[in-house]
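1. This is a predicted model, with the sequence first.
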Protein chains: 2
Amino acid sequence: MRRTRSVTMVDIAKRSGVAVSTVSYALSGKRSVSAETRERVKRAIDELGFRPHEPARALKSRASRAISLFFPTARDTLEIESHIFLSGALEATSEFDYSLLVSTATHDPSGIVATLETGRADGVILMEVRLSDERVEKLRADGHPFSLIGRCEDNDGISYVDFDFEDAVCTAVHHLYELGHRHVALLNRAPSIAGADYGPTVRSHAGFQSALRELSLEGDQLLCGTSGAQYIEVLRFLERAPTCTAAITLSVTYAPLLAALRDLGRRVPEDFSVVAIIASQVSDLVTPPLTTIDMPAYEMGRLGAEILIRRLMDDELPPTQLLLRGPLQVRSSGPPPRRSRP
Amino acid sequence: MRRTRSVTMVDIAKRSGVAVSTVSYALSGKRSVSAETRERVKRAIDELGFRPHEPARALKSRASRAISLFFPTARDTLEIESHIFLSGALEATSEFDYSLLVSTATHDPSGIVATLETGRADGVILMEVRLSDERVEKLRADGHPFSLIGRCEDNDGISYVDFDFEDAVCTAVHHLYELGHRHVALLNRAPSIAGADYGPTVRSHAGFQSALRELSLEGDQLLCGTSGAQYIEVLRFLERAPTCTAAITLSVTYAPLLAALRDLGRRVPEDFSVVAIIASQVSDLVTPPLTTIDMPAYEMGRLGAEILIRRLMDDELPPTQLLLRGPLQVRSSGPPPRRSRP
DNA sequence: GTTCGCAATCGAAACGTTTCGACTCGGGGA
DNA sequence: TCCCCGAGTCGAAACGTTTCGATTGCGAAC
C-alpha cells in the first residue's frame, strides 16, 4: 500500500526538455505550442505514465470539475426514482468528464453550502424539492450553481428538470374515463415523505381535481406512506367504495394497491383498472403488467446533471427549465366490470 | 454566480493574532495548542465563516478523504441491488466524514487506476466482481486500497463483504424439500450479465447442485437475462416440466417467473412455491408477498465502505472479509398442490 | 544554578498545478 | 530600414493547506 512518489509535470518537463509551463500549455491548449514540442511532451507523458494531480489542479484553478448530487437517505425504503436519477446523472457526468459526488441530503442547507465552499464540488443537484425549499433559497441567495430534479413554486433563474405530474394524472383520468370508469382513486405519496408541499404530490392532486371536475367524475385521494401497514388502509378504502373501479398510482404506491386487490380477490384488469405513473425500470418488474405513464427518470437524471454542467462550463448560459412528459402504455386497464354498472 | 474570494487560514491567523501554522494545529490537534489560543482561533473561524479548502488539504496531505464506488452503468435495467449497495455505502462514508465519489464501472481497470492516481479518491469499492477479475488483479498488484462487494476465487489479502449465495440456495432447497416438493427450479442470472464467472451465479449453482444431491431431488437451472423476452422461456419451461412445483429466484428473476405463472393460471403459493433470494427493499414491493432469504444489501454497502475506510485510516489493519447470511422468511411457499402428488 | 525537557508558538518550505508577464525570434507593413 | 506583432517559450508567483525545524519560556531534576 506504499504510495510511491508519483510522476509530476516537473518530470515531464525535464524529460522533454521544456519548461513546466509549456507542459501545462501543451496539455490545456490555452496557449499555442509548436507541434513538435507537443509531440515530445506527449511522448514523455506516455513513457513516464503521468497523470495530472487533480487536487493540485483544483487548488490552482479554483474548480473541482465535480458536481454533487444530494441523495435522500433511505435506510428502510427503496426510493426507486432517486436511484434511477442517480444512474442518469452518472452517465451525463462522466460524459462531460466531470466527477460525481454523492452526498446525503439533509433538510437544512448547511451541508450543501459546505460541499460547495470547501471546493469539493462546483455545483449541486437537488432532488425531492419542495414547492418552497430553504435549500434552494439559500443557494440562490449565495449565487451558487445548482440544478433541480423537480421544481419549486417560484423558479426564477433556476435550472431544473421535472416531470409533469399534473398532466400525467390528468391523462390517466381521461384514459380511465374513456374506458367507462366513473369513480377513480388517486394513490398519492403521503406528505410525511417530503413535507406538506412536496411538488409531485401537490401537482398530482391538482391534476386529479381538475380532471375530475372537467369530466364530472367521482374521485378520492389516498395518501400512501412507505410502511407496510399502508396496505390495510387501501384495503379498507376499496371495501368502503365499491363503485371505485380504477386507480392511479404514483411511484411505488402500486404495491399496497395490488396487495389489497389481491386480498379482495379482485383481478387486474378484469375487475379493477390501474394506471401507474412510474419509471419503466420499475414497472417492468411488476406482475401483472401495468398500464403506465412512463416517467423518464433516467433521462431526468441525465438532464439534471447536463444542464448544471453546461452552466458551469459557460456562465453566460441562461438557466434551462425542462418539463417532461411520458407516454401512456395501456396494459392493465380496461372497462369496468359489469356488476358495477347500473 | 460570482465566486467571491473566500476566507482562508491566513485571514483566521490575522484575526486571532497567531501564525497560520498555529491555526492548522488548533484545528487538527496534531500539536498542542493552549486552550486560550484554540478559543481565539475558534472564535475567529465562527466570525469569519471559514471553511478549510479541501483541494488544498488534499494536495498537501496527499489524501483526498474520498472513496470511489464503481457503479455498473445500467441504462435499461434496474440493477436493484447495486442501488441499495450505493445507499449503504453512502451512509458509512458520511459517517466517517469521507466523500463518496461514484464512477462508471468499466470492464478494464484503467479508469479505476486513474481515479486513484489522480488523487481523486484514496480507495475504491468494486462490485459485480468476477471470480477472476482483472480489475482486482491490477489493484492488488499496484498496492492500491480497495474493497469488494462480492469476492473472487482467490481473496488473499483482499477486503470484501459478500453474501453467501451458496448457503442461501441450499437453505431454500431444504425448505422446499421439507414442504414436500420433489422437483425445483433455480432461476439464476444469465452469464451475459457479468461474464461466465460471475461469483453469485456460480456459487448459487454450486449450492443448488449440492443440495439436490444431498436430498436426491430433481432440479433445473434456468438462466435469466434482463430482457422481457426472458419470461417466455420460463413459461416454456414450466409447461415442459409439470412436476416442477417450486422455484428459487435470484435478484429480479422473480419477475419473469411470476409473470409466467400468472399466464399459466397457477397461483402462488397454492399451486407453486417461490423462494426469492433478494433484498427486502425489493421484495416489499412484490405481490404476492414472497418467501425470501433476505440479502442485506444495504448492510453490505455499508460494510463495504466501512472496511475500506478503516484500512485507509490505519494501514496496519489486516483485511476484513465478511460473508453474510440472511434469514428465511416464509410467505409464498407451501406444500405442493395435490394433483402433482402420486 | 545549570541543565534538561516539554508546551506553545512561529516562519518557511513544501504539495503539483495554472497563469501572468516577459523574452526571443522572424516576417510583413510602413 | 525600422518597427510591430504574433507564435513559441520560459521563469516565477501564486492557490491554501500541512508539517518540519527552530525558538522561546518555564518548571523540574540534578
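-> Looks like it arrived, so ask away. Numbering: from 1, shown residues only, chains lettered A, B, ... in the order given.
2. thought residue A:114 was touching residue B:51?
-> Yes: using CB atoms under 8 Å, residue A:114 is in contact with residue B:51, at 6.3 Å. Heads up, the C-betas are built off the backbone N, CA and C, glycines and all.
3. Mind checking which of those two has more residues around it?
-> Ranked by neighbour count (other CB atoms under 10 Å in any protein chain shown), residue A:114 and residue B:51 place residue B:51 first, with 17 against 13.
4. what's the more buried one in contact with, if anything?
-> With contact taken as CB atoms under 8 Å, 6 or more residues apart in numbering or on different chains, residue B:51 is in contact with A:114, A:117, A:118, B:6, B:7.
5. so what's the third one closest to, chain neighbours aside?
-> Translated: residue A:118. Excluding the flanking residues, the one nearest residue A:118 by CB to CB, 6 or more residues apart in numbering or on different chains is residue B:54, at 4.4 Å.
6. Distance-wise, check that neighbour relative to residue B:169.
-> 45 Å (CB to CB, to the nearest Å).
7. Between those two, which has more neighbouring residues?
-> Shown here are residue B:54 and residue B:169; by other CB under 10 Å, residue B:169 has more neighbours (27 against 23).
8. Which secondary structure element is home to the more buried one?
-> Per DSSP states H and E: residue B:169 is located in helix B:165-179.
9. all strands of the stretch 51-200 of chain A, in order?
-> For the stretch 51-200 of chain A, the strands defined by DSSP state E, counting those that start in this stretch occupy A:66-72, A:99-105, A:123-126, A:146-149, A:159-163, A:183-189.
10. Of these, give the one that comes closest to DNA strand D.
-> Comparing the strands of the stretch 51-200 of chain A against DNA strand D with CB to the nearest atom of the strand, the closest turns out to be strand A:66-72 (16.6 Å).
11. So residue A:139 sits against residue A:146, correct?
-> Yes: under the criterion of CB under 8 Å, residue A:139 makes contact with residue A:146 at 4.8 Å.
12. Identify the contacts common to those two.
-> Residues touching both residue A:139 and residue A:146 (CB under 8 Å, 6+ apart): A:124, A:126.
13. next one: phi and psi at the residue in the stretch 101-250 of chain A that DNA strand C sits nearest to?
-> Using CB to the nearest atom of the strand, the single residue of the stretch 101-250 of chain A nearest to DNA strand C is residue A:119, 12.5 Å away. Torsion angles at residue A:119 (phi, psi; degrees, to the nearest 10) stand at phi 80, psi 20.
14. Distance check, it against residue B:41.
-> For residue A:119, the distance to residue B:41 (CB to CB) stands at 21 Å.
15. rewinding a little: more neighbours: residue A:139 and residue A:146, which one.
-> Per other CB under 10 Å, whichever of residue A:139 and residue A:146 has more neighbours is residue A:146, with 26 against 22.
16. That one: what's it in contact with?
-> Contacts for residue A:146 (CB under 8 Å, 6+ apart) come out as A:123, A:124, A:125, A:126, A:136, A:139, A:158, A:159, A:308.
17. Next one: the residue lying closest to residue A:267 once chain neighbours are set aside from residue A:255, what distance?
-> Once flanking residues are discounted, residue A:267 sits nearest to residue A:261: 7.7 Å by CB to CB, 6+ apart. According to CB to CB, residue A:261 and residue A:255 sit 11 Å apart.
18. I'd say residue A:264 and residue A:238 touch.
-> Yes: using CB under 8 Å, residue A:264 is in contact with residue A:238, at 6.0 Å.
19. Among the two, which residue is more densely surrounded?
-> Each of residue A:264 and residue A:238 has its neighbours counted (other CB under 10 Å); residue A:238 has more, 20 against 14.
20. re the thing from before, can you name the residues that contact the residue nearest to residue A:267?
-> A:238, A:267, A:268, A:271, A:272.
21. so the last one touches residue A:243, yeah?
-> Think residue A:272. No: if you go by CB under 8 Å, residue A:272 and residue A:243 don't touch, sitting 11.8 Å apart.
22. Who has more neighbours out of these two?
-> residue A:272 (26 against 11).
23. how far away is the more buried one from residue A:176?
-> 11 Å.
24. Any chance you could list residues touching both of the two?
-> The contact sets of residue A:272 and residue A:176 overlap at residue A:246 (CB under 8 Å, 6+ apart).
25. okay, and for chain A, where does confidence drop off?
-> Low-confidence segments of chain A (pLDDT under 70): A:1-5, A:74-78, A:191-195, A:226-228, A:339-342.
26. quick check: domain ranges of it?
-> Structural domains assigned to chain A are A:9-52, A:66-163+A:297-324, A:165-295+A:328-340, following automatic domain parsing.
27. Return the residues in contact with residue A:8.
-> Going by CB under 8 Å, 6+ apart, residue A:8 touches A:50, A:53.
28. Around DNA strand D, which positions in chain A sit nearby?
-> A:17-22, A:25, A:31-34, A:36-37, A:56, A:59-60, A:62 (CB under 7 Å from any atom of the strand).
29. what about residue A:329, how many neighbours?
-> Neighbour count for residue A:329, taken as other CB under 10 Å: 16.
30. Hmm, it is touching residue A:284, no?
-> No: contact status for residue A:329 versus residue A:284: not in contact, 11.0 Å apart, counting by CB under 8 Å.
31. with the contacts of residue A:146 in mind, which one is nearest to residue A:110?
-> Nearest to residue A:110 among the contacts of residue A:146: residue A:139, at 11.7 Å, using CB to CB.
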